[in-house]
Structure formats: C-alpha cells, structure tokens
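Colleague: Provided below for reference: sequence and predicted model.
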Amino acid sequence: MKISARHLDKMTIFDVSGDVDLATSPELRKALLSELREARMPRVILNLKAVRYVDSSGVASLVEGLKVSRDLGARLILYGLSTSVREVLQLSRLLKIFEIYESEEQAVSP
Amino acid sequence: MNRSCPLLKLELFSDAEMLSVVRHAVGQLAEIEGFSSAKCRAVVLAVDEALTNIIRHAYSGEEGRPIQVSFRRIEVPQDGRQRRALEIMLEDRGKKVDQATLCGRCLEEVRPGGLGLHFIKECMDTVEFRRKAGKNQLRLVKLLDVAKLGKGA
C-alpha cells in the first residue's frame, strides 16, 4: 500500500493505492487519525481509486477514522471505490454510514 | 463427498507481509477451478481473514509460527446430486480458539473490529472449526456454480 497526502483549503486528500490489509492498515489508520486529531482538518478525503483490496482490518481503520471525525465535528469522505472495496463495505453493512462519492470533484465540493 | 483431489498445499509462517502473496495464489487457484470473479474475490477474502485471525489471535501477533493451508477439489451431495466444490483447510499450532468468540459481533454496532469471522461466514458455504492434536483446524468449503465448471470437471 502507498499513501500520499495533498493539502487543499481546509481539507486533506489521501491518495491510497495497493492493498489495505493486516500489514498495511496501521499506516492508513495513523495517517487518518493524525490528520483528524493533530492537524484538526475539518474534511479528510480518501481517494480509493487505486485500492485493489481491503480486508476487515482496513475497514476497522476506516470505521475508527469515521468515529473520530464525528467526535471532532469533521467529515471523513471516501471516493473512487472499486468493486472489491465496495463489496467488502457492503458485507460489513457499513456502506451507508460512510459519506461516499464517485469522483474527487464531488468529494471536494461544499 | 466421495471424491477428492488435492490441488495445493501452502506452508507459511505467521507474517502479515505474506498475506498478499497468499491472496494472489488463492485468487489464481479459484480462477483456474472455474469460480466467477465475484466468488474468486469471496474465497480470497475468506482465506485472508482466516489467516489474519490466526496471526492476530491464535499466535497473538507473534511472527515465525507455522501455518498450513491446503486446497482440495471435492464433491459434496446436494439435492440428490454431486456438486463440485473447493475445500480449504487451515491449520495452526496457536492458542485454542474460544468457541464463544466465534459467533461474530452485532453488525448494527458501528465500531472497529470483529468483522473477520462475519466475512468468512458470508463468503463461504461451509465454515467448521475444531481443535485436534494441539492444532486449530478451520475447514472452509465453497460450492462451484454448475454453469461455471472448468477444466477437469
């Protein structure tokens, strides 16, 4: 998994690629929580277009990020979900609790 | 079940970095066996989650402990006929699995963790745990769609 950050006006976009699993999800969790708790970014966006696979530990990192964002009054947004990622969120019955968009244009719009 | 054919046996050590290697092999095997793309993804997810559980819970994150994963083509009786299926057996020498923890968690509760077993049960047609000779054994079976029979059917 690779993760890089882009900083826009009052928002951070993480471009994530590869597989998010037991080995790599701690890095995603750390990046998410740091941006929410320490940088106090009001909107954190995950670009998942290049994520091929996510497992339960990856989903757990997303859920933790979502809970922290809610606690802090921030927004965690996902976009560009592949079939594989969408299926896993559907299996976990969490698809509806996340703010999900198809494109970056939609994700960054007010 | 009256016929079985061993397909692949993997011996690995408990190391999260190896999960992607196993996923690739399992995806290829499922495809060769004739599973649809969606079922290939389901089989891969189930095996990955099972290995994750072994590493995290049976071995408490300790690296270098042995795990064996074997794959067989089997036939199972269903509705008066034999259906082809993929049987996957995972074995580890870790802590005894607590049966009480195998029920999975309530999905209505939005919190991190506890999803692995739920994924396994959703993805596979049969999920059986047992403890034998100091080993945890997890048997998973995925039925092959009749219309998707591949080579060697």
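Modeller: Nice, I can see it.
Colleague: in chain B, which helix has the most residues?
Modeller: helix B:37-53 (DSSP state H).
Colleague: can you list the buried residues in stretch B:48-60?
Modeller: B:Asp48, B:Glu49, B:Ala50, B:Leu51, B:Thr52, B:Asn53, B:Ile54, B:Ile55, B:Arg56, B:His57, B:Ala58, B:Tyr59 (16 or more other C-beta atoms under 10 Å in any protein chain shown). In short, each C-beta sits where N, CA and C put it, glycine included.
Colleague: the residues you listed also near chain A: which ones?
Modeller: Among these, the residues within reach of chain A (C-beta under 8 Å from any C-beta of the partner chain) are B:Asp48, B:Glu49, B:Thr52, B:Ile55, B:Arg56.
Colleague: pick the one among the buried residues of stretch B:48-60 closest to A:Ser17.
Modeller: B:Asp48 (18.3 Å; C-beta to C-beta).
Colleague: mind pulling up the pLDDT for the spatially most central residue of chain B?
Modeller: The centroid of chain B falls nearest to B:Val47 when counting by C-alpha atoms, centre = their mean (3.9 Å). In this model, B:Val47 is scored at 98, pLDDT.
Colleague: just give the nearest non-adjacent residue to it, would you?
Modeller: B:Val26 (5.0 Å; C-beta to C-beta, 6 or more residues apart in numbering or on different chains).
Colleague: surely the one you found touches B:Ala50?
Modeller: No: counting by C-beta atoms under 8 Å, B:Val26 does not reach B:Ala50; the two are 10.5 Å apart.
Colleague: so how far is B:Gln137 from the nearest residue to A:Val20 once chain neighbours are set aside?
Modeller: Nearest residue to A:Val20, sequence neighbours excluded (C-beta to C-beta, 6+ apart): A:Gly58, at 3.4 Å. As defined by C-beta to C-beta, to the nearest Å, A:Gly58 lies at a distance of 27 Å from B:Gln137.
Colleague: spell out which parts of chain A neighbour chain B.
Modeller: So far as C-beta under 8 Å from any C-beta goes, chain A lies against chain B at A:19, A:21-23, A:53, A:55-57, A:59-61, A:63-64, A:66-67, A:84, A:87-88, A:91-94, A:97.
Colleague: I'd like to know how many residues surround the residue nearest to B:Val47.
Modeller: 24 (other C-beta atoms under 10 Å in any protein chain shown).
Colleague: equivalent analysis for A:Arg29, please.
Modeller: 19.
Colleague: which strand or helix spans it?
Modeller: Per DSSP states H and E, A:Arg29 falls inside helix A:25-33.
Colleague: for that helix, list every residue counted as buried.
Modeller: By neighbour count on 16+ other C-beta under 10 Å, the buried set for helix A:25-33 is A:Ser25, A:Leu28, A:Arg29, A:Ala31, A:Leu32, A:Leu33.
Colleague: what's B:Gly61 in contact with, if anything?
Modeller: B:Ile55 (C-beta atoms under 8 Å, 6 or more residues apart in numbering or on different chains).
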